[in-house]
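Colleague: output the structure for:
(2 chains)
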Amino acid sequence: MDPRTTVINERLSRTGRIIAVSSGKGGVGKSLVATTLALTLSRKGCKVGLFDLDFTSPSTHLIMGVKNVPLKEDKGIIPPVVKGLAYMSLIHFSGDQPTPLRGADISSALIELLAVTQWGKLDFLVIDMPPGISDAVLDLIRLVKRIEFLIVTTPSLLAFETVKKQVRLLQDLKVPIIGVVENMKTSNAENIKHETEKLGTKFLTGIPYDPEIEDAIGDVTRLLKTALAQKISEVVASNITK
Amino acid sequence: MHEWALAEAIITAAQQIAEKEKLREIREVTIKIGELQQVEREILRFALSQLKPATFKNAQFHITKAKTTLKCRVCGNTWMFSKNKLDEDTAEAIHFVPEVAHAYIKCPKCGSPDFEITKGRGIWLENIKGVR
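Modeller: From the prediction side, this is the model:
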């Protein structure tokens, strides 16, 4: 028997809410939304953890400009504090090496980190999920009892089509969905809002496409001044901390 | 000490099995540790002795090490893991999360990082014995 799964919920027992930021497809700004959400909650005075579970394409460290942070051990691994967040990512172990992991390897690494990370007391744990409905998503739903999802899409029907599948899966599994964020909007069209509501899910906000967001990568102060951060801050106030 | 977190998982898992099997006392716990994760047997043993609850008070912990076998998914080559070929930082990274071996180890025959850990990955609860 693999003993590791038995302690996962104990490790997360002092965490308030566990928010998985997810998307149907890659490239929709999921990691930017996850990082900004975690930083926004932290700046509002909450104790926040950020867990980058996009193992094969981690990017939250680049968004925050994190380089080589030492890990501490105390009856497990203590996540280093980065920009005010308790921060865990596979990059602490793999550095910038490509890490080609198959589904079963991703599951096993995920279970290992969930079993040995001592998060301590947190108000929120924000998880940057891999895109789609992969093994990691299914494992996390199976193993983390109190998980809830925030889903990111773009106005593209191609992106939203995969969101529909994800929403249906989460609904079938009775996993709470906070709502859908539409990122990179280039018009005032409301079709994604209407389609989201048709799924019985809350439309949280539309974030305008910002060509300058790329310049904020690696600079947290600048990131928190973007339109994206402003919109996330509104979502936090109206849907997460209220 | 990473071993403490793993010891806690072993105790919790063994307790769950004991409850399911209606064992009132655990006498023997057999644990296998894969070489890849490089778990320190004596630290693990000490952690187990400190963490064990009353139902485990007479329990013997048998900890056996398993050699790690890797198999290349590209050329089919099979080879044994050796910690001696790794620098200290790499060995430590693999100790924390054995799957990051894929970032550092390549098939010695064809150079592919796409391999399977067929045996000896990490920690495994092999068997428990007790009295009803």
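Colleague: by mean pLDDT, point me to the weakest helix or strand of chain A.
Modeller: strand A:72-73 (a mean of 87; mean pLDDT, DSSP states H and E).
Colleague: ranges for the helices of chain B?
Modeller: Along chain B, the segments classed as helices by DSSP state H run B:2-20, B:41-51, B:88-96, B:101-104.
Colleague: hey, which of the ones you listed is tucked in deepest?
Modeller: Burial of those is given as mean neighbour count (mean count of other CB atoms under 10 Å in any protein chain shown); helix B:101-104 ranks first at a mean of 23. For every residue, glycine as well, the C-beta is placed using N, CA and C.
Colleague: so is that one next to chain A?
Modeller: Yes: counting by CB under 8 Å from any CB of the partner chain, contacts between helix B:101-104 and chain A involve B:102-104.
Colleague: now those residues as TSV including pLDDT?
Modeller: Below are the residues of helix B:101-104 next to chain A laid out as TSV (pLDDT from 0 to 100):
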residue	pLDDT
B:H102	94
B:A103	93
B:Y104	94
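Colleague: tell me the one of the residues you listed nearest B:D87?
Modeller: B:Y104 (9.1 Å; CB to CB).
Colleague: which residues touch the closest one?
Modeller: B:Y104 sits next to A:97, B:86, B:90, B:93-94 when contact means CB atoms under 8 Å, 6 or more residues apart in numbering or on different chains.
Colleague: burial count for A:L173?
Modeller: A:L173 has 10 neighbouring residues, counting by other CB atoms under 10 Å in any protein chain shown.
Colleague: shouldn't it be in contact with A:I141?
Modeller: Yes: using CB atoms under 8 Å, A:L173 is in contact with A:I141, at 5.8 Å.
Colleague: let me see the ranges of the strands in chain A.
Modeller: In chain A, the strands defined using DSSP state E lie at A:15-23, A:48-52, A:72-73, A:77-78, A:81-82, A:85-89, A:122-128, A:147-153, A:177-185, A:203-208.
Colleague: any stretches of chain B with poor pLDDT?
Modeller: Counting by pLDDT under 70, the ranges of chain B that qualify are B:1.
Colleague: which parts of it sit against chain A?
Modeller: Contacts of chain B with chain A, taken as CB under 8 Å from any CB, map to B:1-2, B:4-6, B:8-10, B:12-14, B:16-17, B:93-94, B:96-100, B:102-104, B:113-114, B:117, B:121-125.
Colleague: what does chain A put close to chain B?
Modeller: By the rule CB under 8 Å from any CB, the part of chain A lying against chain B is A:1-4, A:6-7, A:10, A:71, A:73-77, A:90, A:92-95, A:97-102, A:105-106, A:108-109, A:112-113, A:115-116, A:118.
Colleague: tell me which residue is most central in chain A.
Modeller: With distances taken as CA atoms, centre = their mean, the residue of chain A nearest its centroid is A:D128 (2.5 Å).
Colleague: roughly how far does that one sit from A:F55?
Modeller: Distance, A:D128 to A:F55, using CB to CB, to the nearest Å: 10 Å.
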